[in-house]
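Chemist: No sequence on hand, only this structure:
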Ligand SMILES: [Ca+2]
């Protein structure tokens with residue numbers, strides 16, 4: 001069963017796909033939004049072919065939301081976004097045959113799965129990407145495969161925030177792709193066989209991880225599994241603190257300025273009113289004096 005869903009859950013604290021999702025939800029400019037379910041978490045066994053069926057049913061540009069469960073290997077042959085928000089419990093298992101996820105279309109975005117159980121011959125991989133561009137692979141745990149990631153003739157793809165753990169060969173890439181990002185909680189991937197150190201304690205390894213097959217490196221790999229989930233860059237915190245201080249000072253100065261202006265102008269107005277009152281009163285006084293003088297003169301005239 002494939003259901004329509006509003007799908008308003010947030011994917012994770014950062015990442016291209018969550019931004020993409022938010023943008024799609026705000027603008028409404030996305031295609032069909034498919035959910036695969038119900039989930040094993042709800043006590044209902046999933047059909048292991050749900051994701052395959054959803055890919056077959058989807059149109060280019062669609063998003064497929066996958067509930068927790070264990071699914072069969074998939075081939076993604078059209079531009080799709082495929083998402084789970086629970087990579088630990090949403091598993092794609094190759095059961096020891098071929099590659100687990102094979103991407104043969106450009107502009108595929110996939111996030112939030114455990115990928116395991118590839119075959120054990122030739123190029124069998126957890127994630128096989130062949131001749132594709134502009135795909136994004138993030139927030140995956142790729143473990144227990146012949147090759148964790150195998151990219152051939154691929155250019156301009158982004159692979160970051162993935163745990164790549166205990167594969168016979170962790171990754172191969174004979175093209176040119178980006179294995180780390182720099183924005184927000186930026187970084188690369190976690191490699192459990194990395195021999196690098198994090199001496200400065202910023203959560204990122206101090207030397208690059210080399211990916212076999214070409215010139216690719218993960219220059220910013222994570223020191224801990226899932227490191228990106230709890231990472232708070234120090235410079236970001238400092239910038240935030242500085243911003244808050246500047247905003248706070250701005251507010252205080254604004255209040256002081258308003259108070260000064262109000263008291264100043266009130267004082268000026270009071271002075272003007274007082275001056276008017278005095279002027280009026282002296283005019284009236286003069287008028288009275290003139291009237292009294294006139295009456296006195298009139299009395300004098302009558303007396304004469
Ligand atoms: Ca470091």
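Modeler: Done, it's in. Everything numeric here is computed off the predicted structure, so don't read it as measured data. Numbering: from 1, shown residues only.
Chemist: give me the beta-bridge partners of the residue lying closest to residue 226 once chain neighbours are set aside?
Modeler: Among residues not flanking residue 226 along the chain, residue 163 sits closest, at 6.5 Å (C-beta to C-beta, 6 or more residues apart in numbering). C-beta coordinates here come from the backbone N, C-alpha and C atoms, glycine included. Beta-bridge partners of residue 163, counted by DSSP bridges, are residue 141, residue 190.
Chemist: Can you tell me which residues in the stretch 201-304 of the chain are near the ion?
Modeler: With C-beta under 5 Å from the ion as the criterion, the stretch 201-304 of the chain meets the ion at residues 202, 204, 206.
Chemist: Please tell me how far the residue nearest to residue 226 sits from residue 113.
Modeler: Distance check for residue 163 against residue 113: by C-beta to C-beta, to the nearest Å, it reads 11 Å.
Chemist: what residues are shared contacts of the two?
Modeler: Common contacts of residue 163 and residue 113, defined by C-beta atoms under 8 Å, 6 or more residues apart in numbering, comprise 140, 141.
Chemist: between the two, which one's more packed in?
Modeler: When residue 163 and residue 113 are compared on other C-beta atoms under 10 Å, the one with more neighbours turns out to be residue 113, at 30 against 23.
Chemist: hang on, isn't the more buried one packed against residue 88?
Modeler: No - with contact defined as C-beta atoms under 8 Å, residue 113 does not reach residue 88; the gap is 9.7 Å.
Chemist: So for the two, which residues contact both of them?
Modeler: Joint contacts of residue 113 and residue 88 (C-beta under 8 Å, 6+ apart) are residue 141.
Chemist: Surely residue 104 and residue 130 touch.
Modeler: Yes - taking contacts as C-beta under 8 Å, residue 104 lies within contact range of residue 130: 5.7 Å.
Chemist: sorry, back to before: looking at neighbours, which among the residues of the stretch 201-304 of the chain next to the ion is most surrounded?
Modeler: Highest neighbour count within these: residue 204, with 22 neighbours (other C-beta under 10 Å).
Chemist: Now do that one, the pLDDT please.
Modeler: On pLDDT, residue 204 comes in at 94.
Chemist: Next: the one 5 residues further on.
Modeler: Reading off the confidence values, residue 209 has pLDDT 97.
Chemist: thinking it is in contact with residue 220, fair?
Modeler: No - look at residue 209 against residue 220 with C-beta under 8 Å: they stay out of range, at 9.1 Å.
Chemist: neighbour-wise, which of the two wins?
Modeler: Neighbour count, other C-beta under 10 Å: between residue 209 and residue 220, residue 209 has more, with 25 against 20.
Chemist: Roughly how far does that one sit from the ion?
Modeler: Computed as C-beta to the ion, to the nearest Å, the residue 209 to the ion distance reads 13 Å.
Chemist: Just list whatever residues bridge to that residue.
Modeler: Where residue 209 sits in a bridge, its partners, by DSSP bridges, are residue 218.
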